[in-house]
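Q: I would like the atomic coordinates for the input below:
(chains A and B)
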Amino acid sequence: MNPRVLVQLARQLGSLTLTLFLSSVVIFCAVLLTPGDPVSAFAGGTRPTPEMIAAIRAEHHLDDPVWLQYLHWAGGVFTGDLGTSYVYRTDVVDLIAPRVGITVLLVAYAVVLIAVFGVGSGIVAATRGRIADRAVLIATSIGMALPTFVVAILLIWIFARVLGWFPVYGAGEGFLDELYHLTLPAISLAVLYIAYLSRITRGAVVGQLHSEHVETARVRGIPRARIFRRHVFLNASPQILAVSGATVAGLFAVSAIAEQAFGIGGLGSLLTEAAARKDVPVVQVISLLLVVVFVVLNALADVAIAIIDPDSVKPRRTA
Amino acid sequence: MSVAQLAGGRVSTALRRAARRDPLVVAASIVMLGIAVMAVFGPVLAPYDPDALYVGPISGPPTLAHPFGTDDLGRDILSRVLVGAGPSVLGPIVVVTISSVLGAAIAIGAAWFGGAVDAVSSRLIEVLFAIPGLVLAVLAVAMFGKGLLAPAVALSIAYLPLVARLIRALARQELAKPYVAALRVQGVGGAAICFRHLVPALLPALFAQATVGFGYAMLDLAAISFLGLGAQPPASDWGVMIASGQPALLTGAPEQAVIPAAFVVITVLAVNILGARVTAWAEGGDR
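A: Prediction:
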């Protein structure tokens, strides 16, 4: 890679790190803005003695200045000490760790569906004539109005009562059984994003099809499939990748809905349950994890875009 | 022929012409009109008290007396859908109003003052963009408790970056136009340029963004209620109805969840169609 690309990448990385830092401050502030005293939350229903209050305050660093509390909390991300749940009185790590796997698997399954069907249908719409374009347009219009909870109840209705091909409850045991159980939840997560990515892909591909370099390649008699691979899709891919970070971070959040509907004990259902019981420390850590996912994926997408199209990271000319 | 009939005839020809040119948009407008009537007059139109138990059989199928059937507590689903329209529509309106006003104010400030104001507000907006709306809403529930208010305020903040990004770019374009410099030379004050010229020029784009945002807000708020964190039973919010109707899917009474879900989907579909049309109009007006 040429040095200018590396400098630009470093700047983007710095910007993302700053975003990560600032959003972690915002999330940290949640506990300060929450009405009520964390001590009474930790003490539960009991009326604590002064010694108990002092012990709780010392244990959870509540007497430290706010910036030190922040450093302790944020530093915990690296040392695996993520604070203590108000409700379970256990380490947040112990609550989260066993639930991460199933949610990651669910989101990954949905991402595969979104990539295959979203990009696929977008390309079909852009290249296979007017009728295909209209059909995909109508399908994606409907898809963009189908949120996870609606797809979930439709799938449960159809597969529980009518078809019965897929299980509609629980997460299953072992990898293949888990995949089998996660099929309907993954579809329910994917539908809206398939429609969204399909629109983005279509727009990007159509933009390339009408560009001069594709015209030139066509005139030079380069085979159509080759033009499409080398000149159209490759150049359209940065636009497609650019939306991926926000999309996948969003999927982890929306996963809560699929997990609720299909009775899966993952990160999302923990998030929902923790919010319902005002367990702020748990919600904070999961929120922070999602922001980390957002930042990391955006960084990866930036790197991928820089590799595909070094021109895109050249310093902007001053107008 | 009376005047009313004449006017009616003219209106219906105009409608027919519009329907031929843009049938989807006309259909979407009619749907939205219907939803608006439901939202305002729902409690009047409802044939039964939406919270009255056992006005019909438990999980009854659709009949003449109960066109949408009855739920697991024998409540009339039609009445609950009608009364639920109000909160289900009001929530998104609150969200888009707050996010549009605040987002536009921040964006115009950033474009106007530039420099440090622009840099700080842009950074702030990047940060908000990194936290998914649903997560911010759930965080708000954890802090302030269940209910629709905290998530609605949280979503208003979460949607702010989308508005601010768009309006900031457009405001910068507008301010770079020669007429703004001409106004300044003539000694027109900053506030007058802002409110008489800049804001009116931005309104179409702002309105388009608000229409699109309404659909997202409706889905997110319904999702929050579906998760049990928003409106609380026995409220007849559509999201709550979908969640509480879910178990009946397995016992052969799909109406309880599917009907409120259909109302959410139809509303969002209509809003999205109108949003695309309004966006095209706003962009066309710029050229």
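Q: which helix runs longest in the chain?
A: Reading this off chain A. Taking DSSP state H as the criterion, chain A has its longest helix at helix A:175-209.
Q: not what I meant, chain B
A: helix B:77-113.
Q: do the strand or helix carrying A:Val151 and chain B meet?
A: Assigned by DSSP states H and E, A:Val151 falls within helix A:148-157. Yes. Remark: helix A:148-157 sits within contact range of chain B at A:Thr148, A:Phe149, A:Val150, A:Ile153, A:Leu154, A:Ile156, A:Trp157, by Cβ under 8 Å from any Cβ of the partner chain. No exception for glycine: its C-beta is placed from N, CA and C like everyone else's.
Q: packing partners for that helix?
A: Helix A:148-157 sits against helix A:175-209, helix A:244-262, helix B:199-226, helix B:238-245, helix B:255-286, with contacts defined as 3 or more Cβ pairs under 8 Å, 6 or more residues apart in numbering or on different chains; DSSP states H and E.
Q: closest one to A:Arg4 among these?
A: Smallest distance to A:Arg4 across the helices and strands packed on helix A:148-157 (Cβ to Cβ): 23.1 Å, for helix A:244-262.
Q: next, the angle from that closest one to helix B:238-245.
A: If you take axes from the mean of the first three to the mean of the last three Cα atoms, to 10 degrees, helix A:244-262 sits at 40 degrees to helix B:238-245.
Q: can you confirm whether the helix or strand that helix A:244-262 is followed by lies near chain B?
A: Counting by DSSP H and E, the next helix or strand C-terminal to helix A:244-262 is helix A:267-276. Yes. Using Cβ under 8 Å from any Cβ, we find that helix A:267-276 touches chain B at A:Leu271, A:Thr272, A:Ala274, A:Ala275, A:Ala276.
Q: before we move on, back to that, how distant is the longest helix of chain A from the center of its chain?
A: The chain centroid and the centroid of helix A:175-209 are separated by 13 Å under Cα atoms, centre = their mean, to the nearest Å.
Q: in it, what's buried?
A: Residues A:178, A:181-206, A:208-209 are the ones in helix A:175-209 that count as buried (16 or more other Cβ atoms under 10 Å in any protein chain shown).
Q: ok, stretch B:220-237 next?
A: Using 16+ other Cβ under 10 Å as the test for burial, stretch B:220-237 gives B:220-231, B:235-237.
Q: where does the stretch 101-250 of chain B dip in pLDDT?
A: For the stretch 101-250 of chain B, no stretch is flagged by pLDDT under 70.
Q: run the last query once more with 90
A: Counting by pLDDT under 90, the ranges of the stretch 101-250 of chain B that qualify are B:107-151, B:158, B:161-163, B:165-213, B:215-216, B:222, B:225-250.
Q: how about the residues of it near chain A?
A: Applying Cβ under 8 Å from any Cβ, we find that the stretch 101-250 of chain B lies next to chain A at B:123-124, B:126-132, B:134-136, B:138-139, B:141-146, B:215, B:219, B:222-223, B:226-229, B:239, B:242-243, B:245-246, B:249-250.
Q: surely B:Pro132 and A:Ala253 touch.
A: Yes. Contact criterion Cβ atoms under 8 Å: B:Pro132 and A:Ala253 qualify, at 4.3 Å.
Q: shared neighbours, the two?
A: Residues touching both B:Pro132 and A:Ala253 (Cβ atoms under 8 Å, 6 or more residues apart in numbering or on different chains): A:Leu290.
Q: check the residues of helix A:267-276 next to chain B and tell me the two furthest apart.
A: Largest pairwise distance in the residues of helix A:267-276 next to chain B, by Cβ to Cβ, is 9.7 Å, between A:Leu271 and A:Ala276.
Q: compare the two (neighbour count), which wins?
A: A:Leu271 (34 against 17; other Cβ atoms under 10 Å in any protein chain shown).
Q: ok, the more buried one - contacts?
A: A:Ala256, A:Val282, A:Val283, A:Ile286, B:Val135, B:Val138.
Q: can you tell me which of those is closest to B:Ser59?
A: A:Ala256 (27.6 Å).
Q: count the neighbours of the residue nearest to that closest one when sequence neighbours are not counted for me.
A: Residue nearest to A:Ala256 in three dimensions, not counting chain neighbours: A:Gly268, with 3.1 Å by Cβ to Cβ, 6 or more residues apart in numbering or on different chains. A:Gly268 has 30 neighbours, counted by other Cβ under 10 Å.
Q: measure A:Gly268 to B:Ala223 for me?
A: 11 Å (Cβ to Cβ, to the nearest Å).
Q: one step back: so which of the buried residues of helix A:175-209 reach chain B?
A: Answer for the buried residues of helix A:175-209 near chain B: none qualify (Cβ under 8 Å from any Cβ).
Q: dump the residues of helix A:267-276 next to chain B into JSON lines; add pLDDT and distance to B:Val89 as well.
A: Below are the residues of helix A:267-276 next to chain B laid out as JSON lines (pLDDT from 0 to 100; distance: Cβ to Cβ, whole Å):
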{"residue": "A:Leu271", "pLDDT": "89", "distance to B:Val89": "27"}
{"residue": "A:Thr272", "pLDDT": "88", "distance to B:Val89": "25"}
{"residue": "A:Ala274", "pLDDT": "87", "distance to B:Val89": "30"}
{"residue": "A:Ala275", "pLDDT": "86", "distance to B:Val89": "24"}
{"residue": "A:Ala276", "pLDDT": "85", "distance to B:Val89": "25"}
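Q: overlap in contacts, A:Gly268 and B:Ala223.
A: A:Val254, A:Ile257.
Q: which of the residues of the stretch 101-250 of chain B next to chain A are buried?
A: For these, buried by 16+ other Cβ under 10 Å: B:124, B:126-132, B:134-136, B:138-139, B:141-144, B:146, B:215, B:219, B:222-223, B:226-229, B:239, B:242-243, B:245-246, B:249.
Q: if you skip the residues just before and after it, what's nearest to residue 35?
A: Unless you meant another one, I'm taking chain A. Nearest to A:Pro35 is B:Phe144, by Cβ to Cβ, 6+ apart, at 7.0 Å.
Q: meant chain B actually
A: Here the residue nearest B:Ile35, using Cβ to Cβ, 6+ apart, is B:Thr267, at 5.3 Å.
Q: for the one you found, the count of nearby residues, please.
A: Neighbours of B:Thr267 using other Cβ under 10 Å come to 28.
Q: can you pull the contacts of it?
A: Counting by Cβ under 8 Å, 6+ apart, B:Thr267 makes contact with B:Val31, B:Met32, B:Ile35, B:Ser88, B:Val89, B:Met218.
Q: so for it, what's the pLDDT?
A: B:Thr267 carries a pLDDT score of 91 in this model.
Q: that one and B:Gly84: what is the separation?
A: 12 Å.
Q: kindly reformat the residues of helix A:267-276 next to chain B as a markdown table containing distance to B:Lys177.
A: Output for the residues of helix A:267-276 next to chain B, formatted as a markdown table (distance: Cβ to Cβ, whole Å):
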| residue | distance to B:Lys177 |
| --- | --- |
| A:Leu271 | 47 |
| A:Thr272 | 49 |
| A:Ala274 | 51 |
| A:Ala275 | 47 |
| A:Ala276 | 51 |
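Q: having no further points to raise, I will conclude here.
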